[in-house]
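1. Let me see the structure of the following:
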Amino acid sequence: MAADTVLLAVAHGSRDRQGVAATRALLARVRALRPDLQVRCCFLDLALPSLPQALADQADAGEEVVLVPLLLGAGYHLRVDIPAALADVHAPVRLAPALGPHPLLAAVLADRLAEAGRPPGAGPVVLAAAGSSDPAANADTRRTAQLLARRLGDGRPVVPAFLSAAGPTPAEAVAALHAAGHRDVAVATHLLGPGFFARRAADTGARWTSAPLGTHDALARLVALRHDAAVGTTALRTAALR
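-> Numbers count the residues shown, from 1 in each chain. Down below sits the predicted model:
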């Protein structure tokens, strides 16, 4: 079934060339891990091809599409923007859920924190997410914070924070933890790639700040897993959860 569909990944988009390049690099990793899949890319804003254009191209080609949002939680884009684009498509399209919350994201975040130098049990962690005016998206961030705390398994709190549209900001969360007597605070960057938000996440006064999620194999597996679930082949890919 997977070979009969196109995995069309839709990312938020960015004015930052490195951010767009990070999206394309992630999808190159998906292709390397899953050569049976046709993997293509489009963007909601600020980069090309746009989602409507990519959907039109796939419809013209007569290919069945599984649309996988490269979004870290549910929110306005998943609830409004993407369905609006799909309403104008007269071709088979299956919509997968957002990437998060999911234990594989927590695994990536934990690895990135270790790479940044945070030793186990070193202190509390601030989860720096983009933030949204949609409560559902922010609730997903809070759930990811819980999953990360469980993944770290060292008893240290993971505090969700938001770079826009909600509070606290990562800088505020770090300052509050410092004021409470925690000297060693880490920031886990809950973003796909570099850009404006990632630069803000790195400017909090935390001792350690992880890199964005990037091209981690667990993230690439999660993208493919979302595709597989949408076409009913989850059972064939259980190894991706290990």
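2. Going by C-alpha atoms from here, please, whenever you check contacts or count neighbours.
-> Fine.
3. Same question for residue 227, what's its three-state structure.
-> Three-state secondary structure (criterion: DSSP: H, G, I helix; E, B strand; the rest coil) places residue 227 in helix.
4. shift numbering so it begins at 47
-> Fine by me, first position is 47 from now on; the one you just mentioned is residue 273.
5. Checking the residue of the chain most remote from its centre next. Helix, strand or coil?
-> In the chain, residue 227 marks the outermost C-alpha relative to the chain mean, sitting 31.4 Å out by CA atoms, centre = their mean. Taking three-state DSSP as the rule, one finds residue 227 in the coil state.
6. what pairs with residue 53 across the strands?
-> residue 85, residue 112 (DSSP bridges).
7. That one against residue 273, yeah?
-> Yes. Contact between residue 53 and residue 273 holds when scored by CA atoms under 8 Å: they sit 6.5 Å apart.
8. list residues touching both of the two?
-> Contact criterion CA atoms under 8 Å, 6 or more residues apart in numbering; residues shared by residue 53 and residue 273: 112, 113, 114.
9. check contacts around residue 122.
-> Neighbouring residues of residue 122 by CA under 8 Å, 6+ apart: residue 180.
10. Tell me the spacing between it and residue 179.
-> The span separating residue 122 from residue 179 equals 8 Å under the rule CA to CA, to the nearest Å.
11. can you check residue 72 too?
-> Noted for residue 72: a distance of 27 Å to residue 179, by CA to CA.
12. Pick out whichever of those two has more residues nearby.
-> When residue 72 and residue 179 are compared on other CA atoms under 10 Å, the one with more neighbours turns out to be residue 72, at 21 against 12.
13. How far away from the center of its chain is the helix or strand that contains that one?
-> Secondary-structure assignment from DSSP states H and E places residue 72 in helix 63-79. Here helix 63-79 is found 13 Å from its chain centre; the criterion is CA atoms, centre = their mean, to the nearest Å.
14. So which bits of it are buried?
-> Residues 65, 66, 68, 69, 70, 71, 72, 73, 74, 75, 76, 77 are the ones in helix 63-79 that count as buried (16 or more other CA atoms under 10 Å).
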